[in-house]
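Peer 1: Please work out how this folds:
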Amino acid sequence: MRLLIALFFLITSATAKPIKIYLDWFVNPHHAALVVAQQAGIFDKHGLQVTLIAAGGSEEGSRQVAAGAADFAISKQSAHLIRCCNQDMPLVRIATLINKPLECLIASEEITSLSDLKGKRIGYTSSSVEFAHLSLATMLAKVGLKLTDVTLVPITSGMVSAFMTKNVDALLSAYRTYELDDIRQYRPNVKTFYYEENGIPSYDQVIVVANRAHLEDAKKLVAALQESVDLIHYSPEQAWSYYTKGAPEQNTPQNKMVFMTVANLLVQDIGYLPLQRYNEFAAFVMASGILKAEIPQGYAVDGAS
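Peer 2: This next block holds a predicted model:
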C-alpha cells in the first residue's frame, strides 16, 4: 500500500503543471493556505507544481500576472479594483482567503479620538497610495477634518520603529495582526481606529488574482486552496507543522500566534463571490473619484464555479 501511495505521488509530481504564484510580501502567516497546500502535497494532488515567489508588495505580483509572466498573485480587493481601472490590468479575482480588513490606524496614547489627529504626523506605507489616502480622508471626514489638516509621512520600511521612536504620531495602513501586536507589547495603551468602524466599507484583505485571459488552471488552484483551508480549520496544529516545514524561519511563538489568528480568519468558501458586498465597496471607491475608468465587467468571479 505504501509503495502504491509513493508511486501515485511520484507519477502525480512528474505530470503536475508548473505554475508561479506571487505573494504580496515575504512569506508570512497570511499566506498559510498556500504554504500548507505546498507542504501537505495538496497542490501535487490537484496536478499543480507550485512555486511561491516573495514580492515587495502586491503591485509586483499583479504586474507579473498581467504581463503573463506569472499565473496567480496575492492581492487585496482595494488595490485590485484600482489596478483594473486605473492601470488597465487584465486581472480577475478568483478567490478570497481573508474577507475583512486587517489594516487599521494606530495612534499614540494621548490621541483619544480622530479629531485629535489635527496637526499630527501620520506615517503610512501601502502598495496602493490612492486607497491609503482615501481611507484616511474618509476617517478624518467623520470629525470634520481633511488630509491637509495632517502631515502624511511615507515610510518605506520600519513602520513600528518610526512609531516607537516618535518620528510619527500615528500609523496608517498598519496591520492589526502584525504592527499592532508588536507595538502593544511595549505600549499597550495605544489607540486603534479600525477601518470598518470609521466609514470604510468592509473589503477582502487577502485575495487571489489571475489574468482574465488565462483562467485554465483557476479551478484547480481554488480547489487545492479550499482543501488547504479546510485542513487548517480542522487541524490548525497539524497545519502549523506543515507551515513551519515550508518556512522554518517563521517558527517563533509570535508567528504561531499570528498563524492561529489567521486560521480563524480564513473564509469557509474561498471561491464564493459576495456580489452585494463587492458592489457596495466598488460604489464607495467609485464615488471617491480616485478611479479613472469604469469598473470592467468580470473583474471578480467565483473561481470555484
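
Peer 1: any idea how far Thr148 is from Gly119?
Peer 2: Distance of Gly119 to Thr148, given as Cβ to Cβ, to the nearest Å: 11 Å. Just so you know, the C-beta spots here come from the backbone N, C-alpha and C atoms, and that holds for glycine as well.

Peer 1: Assumed Asp230 was part of a strand.
Peer 2: No: per DSSP: H, G, I helix; E, B strand; the rest coil, Asp230 lies outside any strand segment and is helix.

Peer 1: dump the residue contacts of the closest residue in space to Ile232 that isn't next to it in sequence.
Peer 2: Of all residues not flanking Ile232 in the chain, Ala239 sits nearest, at 4.2 Å (Cβ to Cβ, 6 or more residues apart in numbering). Contacts for Ala239 were tallied using Cβ atoms under 8 Å, 6 or more residues apart in numbering; they are 32, 36, 40, 228, 231-232, 259, 263.

Peer 1: For those, give me a markdown table that also has distance to Leu97, pLDDT and neighbour count.
Peer 2: Below are those laid out as a markdown table (distance: Cβ to Cβ, whole Å; pLDDT from 0 to 100; neighbours: other Cβ atoms under 10 Å):
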| residue | distance to Leu97 | pLDDT | neighbour count |
| --- | --- | --- | --- |
| Ala32 | 8 | 98 | 31 |
| Val36 | 12 | 98 | 28 |
| Ala40 | 16 | 98 | 22 |
| Ser228 | 10 | 98 | 26 |
| Leu231 | 14 | 98 | 18 |
| Ile232 | 10 | 98 | 25 |
| Phe259 | 13 | 98 | 23 |
| Ala263 | 11 | 98 | 21 |
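
Peer 1: right, and out of those, which lies closest to Arg83?
Peer 2: The closest of the contacts of Ala239 to Arg83 turns out to be Ala32 (Cβ to Cβ; 24.4 Å).

Peer 1: Show me how far the one helix or strand that closest one maps to is from its chain's centre.
Peer 2: According to DSSP states H and E, Ala32 maps onto helix 32-39. Distance, stretch centre to chain centre, for helix 32-39: 15 Å (Cα atoms, centre = their mean, to the nearest Å).

Peer 1: just stretch 213-223 next, same as before
Peer 2: Worked out by Cα atoms, centre = their mean, stretch 213-223 lies 19 Å from the chain centre.

Peer 1: how far does that stretch stretch from start to finish?
Peer 2: In stretch 213-223, first residue to last residue: 20 Å (Cα to Cα, to the nearest Å).

Peer 1: The helix or strand harbouring the residue nearest to Ile232 versus helix 32-39: what angle between them?
Peer 2: Element membership of Ala239 [criterion: DSSP H and E] is helix 236-246. Per axes from the mean of the first three to the mean of the last three Cα atoms, to 10 degrees, the angle that helix 236-246 makes with helix 32-39 is 70 degrees.

Peer 1: Put the alpha carbons of helix 236-246 into CSV.
Peer 2: In CSV, the C-alpha atoms belonging to helix 236-246 read as follows (Å, rounded to 0.1, in the frame of the first residue of the first chain):
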residue,chain,number,x,y,z
PRO,A,236,-4.6,24.1,13.0
GLU,A,237,-1.8,22.4,14.9
GLN,A,238,-1.1,20.0,12.1
ALA,A,239,-1.3,22.8,9.6
TRP,A,240,1.2,24.8,11.7
SER,A,241,3.7,21.9,11.4
TYR,A,242,3.3,22.0,7.6
TYR,A,243,3.7,25.7,7.6
THR,A,244,6.9,25.7,9.6
LYS,A,245,8.3,22.9,7.5
GLY,A,246,7.9,25.2,4.5
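
Peer 1: Might you report the residue contacts of Gly271?
Peer 2: 94-95, 222, 226, 302-305.

Peer 1: Mind checking which of the residues you listed land in strands?
Peer 2: 94-95 (DSSP state E).

Peer 1: So which of the contacts of Gly271 sit within helices?
Peer 2: If you go by DSSP state H, the contacts of Gly271 have 222, 226 in helices.

Peer 1: just the buried members of the contacts of Gly271?
Peer 2: 94-95, 222, 226, 302-304 (16 or more other Cβ atoms under 10 Å).
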